[in-house]
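Asker: Quick one, structure for this:
(one chain, ligands or ions: 1)
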Amino acid sequence: MIKTKQIGSLIVLSGPSGSGKNTVCDALLAKNHNCWESISCTSRSKRDQEIDGVQYYFLSKEEFEEKIKENEFLEYAIYNGHYYGTPKKAIEEKRKQGIHVILVIEVQGALQIKELVPDAIFIFLMPPSMDILKQRLEGRGTESKEKVLSRFKTAYQEINEISKYNYVVVNDEVENAVSKIESILTAEMCRVDRIEDVDLYTKEEVLHESLMQE
Ligand code: 5GP
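Answerer: The predicted model follows:
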């Protein structure tokens, strides 16, 4: 029997604001119980309906900077003037248990992960079109016009980095996007570099030994 490494994968899901990253991630988590979403820290203020410790750990700028000093983040970035960062500790624990960890983060943070964890899986979620993205950003109604425009410009800059990712998934329908991500995970689990102790299957002496035993 071929034995494969039991460590969970690190999945980095990015995409411009309005691409539906959180919706897709929630739908994936609801279906696939072997995945866990990391909870980030941020220094931005809490929106209505957000709960500290659920969507984010909400910290002051000073508290966030203290954690940077203590080296508590796997990556962090400043986005729209606020800090966002991925706490390191829980990730390794989950991965050791064989659970796939999902980070829903923006591009600067994703590029830092690429340096640190080259075998992480990088997925970029795209809106079906830029027109639809604009409608989604306007339709939210939670942000001022300037903020929508600024998020739209940031979206263009983020899409410019798409070539650094391994996969692109178009979020036309949440279910389709989730099913594509599940297929990506299935394929990644079949990668040859996940085989444990590859020598067991490739050394000629091993072949001879097993022939002798017959
Ligand atoms: P929002 O303020 O809309 O919740 O998030 C703004 C952006 O920050 C989104 O693209 C979100 O994915 C990203 N983000 C959330 N958590 C993290 C994190 O821990 N690190 C980085 N680099 N980006 C994050």
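
Asker: pLDDT below threshold where in this protein?
Answerer: Residue ranges of the chain with pLDDT under 70: 140, 214.

Asker: go with 90
Answerer: Applying pLDDT under 90 to the chain flags residues 1-6, 17-18, 32-33, 80, 118, 134-154, 193, 195-214.

Asker: okay, now the residue in the chain positioned nearest to the ligand: neighbour count?
Answerer: Residue nearest to the ligand within the chain (Cβ to the nearest ligand atom): G109, separated by 2.3 Å. C-beta: built from backbone N, CA, C; applies to glycine. Neighbour count of G109, defined by other Cβ atoms under 10 Å: 22.

Asker: after whichever strand or helix holds it, next one along is what?
Answerer: Assessed by DSSP states H and E, G109 sits inside helix 107-116. Sequence order places strand 121-126 as the next helix or strand after helix 107-116, per DSSP H and E.

Asker: And the next helix-or-strand element following that next one, what does it pack against?
Answerer: Later in the chain than strand 121-126, the nearest helix or strand by DSSP H and E is helix 130-139. On a contact count with 3 or more Cβ pairs under 8 Å, 6 or more residues apart in numbering; DSSP states H and E, helix 130-139 meets helix 145-159.

Asker: next structured bit after the helix it packs on?
Answerer: Next element after helix 145-159 (DSSP H and E): strand 167-170.

Asker: Report the buried residues of that next one.
Answerer: 167, 169 (16 or more other Cβ atoms under 10 Å).

Asker: Name the surrounding residues that touch the host helix or strand of S179.
Answerer: Assigned by DSSP H and E, S179 belongs to helix 174-189. Helix 174-189 has contacts (Cβ atoms under 8 Å, 6 or more residues apart in numbering) with 4, 9, 11, 13, 20, 23-24, 27-28, 31-32, 100, 121, 123, 125, 167, 169-171, 194.

Asker: so what's the residue of the chain closest to the ligand up against?
Answerer: G109 touches 75-77, 84-86, 103, counting by Cβ under 8 Å, 6+ apart.

Asker: Which ones among those residues lie within strands?
Answerer: Judged by DSSP state E, these include 75-77, 84-86, 103 as members of strands.

Asker: can I get the contacts of G109 in TSV with distance to the ligand and neighbour count?
Answerer: Converted to TSV, the contacts of G109 look like this (distance: Cβ to the nearest ligand atom, whole Å; neighbours: other Cβ atoms under 10 Å):
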residue	distance to the ligand	neighbour count
E75	6	22
Y76	6	24
A77	4	18
Y84	4	22
G85	5	24
T86	4	24
L103	7	22
